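Chemist: Pasting the sequence and the predicted model now:
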Amino acid sequence: MGKCKLFDFWTWKRDPPKPFDDIVTKYDSVRSKYSPPSASSTLHGATLRAILAYMELDHAAELPGASGEPPKGAIGTQSDNFIIAEYPSRTGMTHVVVFNDTTGKFTAAKMADADASPKPYALKEKGDSGAALFFALMPKALEDEEFTEEYAKLWDCCKAGYRQLPYRCWMVPPCRRMFLFPSSRTPTRWARCCLAKRNPPAGSP
């Protein structure tokens, strides 16, 4: 992927996921502790989709109406500085992301299934929203105390059927530590090949 802005102006035009799609999206009374006192908070569709997708993975067995089927998506770490994520896109495809925590760079692709040939991931107005990239950043975001507190509040709202919604301007701090999200799934063939190029076996040329 080339250089791109995760919060480009067009990303704010994307509709938030349910149940946030029919409520006011901007608030002047709530803001992150990292924001100046004059700042307002705006719900960001791609970020919310990533958070809710991670929540479904994180609390699969506890979700209201859980079917008992394995959750969609997967996320984990490798070599202390790579996050590998499989984001279940609403398009029906799986968006596979490798995030390098050392360089801050993403490598991403889209796949119809685990053995399909990868298609380019394009973060642009008439392309992909960036939700998969935010999904890959969730372990980093959860290293932040404020984010973790608000994530827990959102989960409580989810369990209660979203009768009350907390609003907060979530931010991803530049933390350096990595948390591993346990997953029984292994990365797709594309992700394994991608990582192999970055971490060749000992003795490889």
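Modeler: Great, that's in hand.
Chemist: and the residue nearest the centre of the chain, what element?
Modeler: With distances taken as C-alpha atoms, centre = their mean, residue 135 lies nearest the centre of the chain, 1.0 Å away. Using DSSP states H and E, residue 135 sits in helix 131-136.
Chemist: what do you get for residue 117?
Modeler: When secondary structure is defined by DSSP H and E, residue 117 falls outside every helix and strand.
Chemist: quick one: the strands in the protein?
Modeler: Secondary structure of the chain, counting by DSSP state E: strands at 26-27, 41-42, 74-78, 82-88, 94-100, 105-111, 119-120.
Chemist: Present those strands as TSV; the columns should include mean pLDDT, mean neighbour count and distance to residue 129.
Modeler: All C-beta spots, glycine's among them, are computed from the backbone N, C-alpha and C. Formatted as TSV, the strands of the chain follow (pLDDT from 0 to 100; neighbours: other C-beta atoms under 10 Å; distance: least, C-beta to C-beta, whole Å):
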stretch	mean pLDDT	mean neighbour count	distance to residue 129
strand 26-27	78	12	19
strand 41-42	84	14	15
strand 74-78	88	20	18
strand 82-88	92	25	11
strand 94-100	93	22	10
strand 105-111	92	20	12
strand 119-120	90	12	15
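Chemist: Could you export those strands as JSON lines, including distance to residue 19?
Modeler: Shown next, in JSON lines, are the strands of the chain (distance: least, C-beta to C-beta, whole Å):
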{"stretch": "strand 26-27", "distance to residue 19": "16"}
{"stretch": "strand 41-42", "distance to residue 19": "17"}
{"stretch": "strand 74-78", "distance to residue 19": "24"}
{"stretch": "strand 82-88", "distance to residue 19": "19"}
{"stretch": "strand 94-100", "distance to residue 19": "23"}
{"stretch": "strand 105-111", "distance to residue 19": "27"}
{"stretch": "strand 119-120", "distance to residue 19": "31"}
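Chemist: re the thing from before, same for the helix holding residue 135, what does it pack against?
Modeler: Using 3 or more C-beta pairs under 8 Å, 6 or more residues apart in numbering; DSSP states H and E as the contact test, the elements touching helix 131-136 are helix 45-58, strand 82-88, strand 94-100, strand 105-111.
Chemist: which stretch among the ones you listed comes nearest residue 139?
Modeler: Closest to residue 139 of the helices and strands packed on helix 131-136 is strand 82-88 (C-beta to C-beta; 6.0 Å).
Chemist: okay, and the helix or strand of this structure with the least pLDDT?
Modeler: Among the secondary structure pieces of the chain, namely its helices and strands, helix 189-198 has the lowest mean (mean pLDDT, DSSP states H and E), a mean of 47.
Chemist: Now tabulate the helices and strands packed on helix 131-136 in JSON lines and tack on distance to residue 145.
Modeler: What follows is those, written out as JSON lines (distance: least, C-beta to C-beta, whole Å):
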{"stretch": "helix 45-58", "distance to residue 145": "16"}
{"stretch": "strand 82-88", "distance to residue 145": "20"}
{"stretch": "strand 94-100", "distance to residue 145": "21"}
{"stretch": "strand 105-111", "distance to residue 145": "25"}
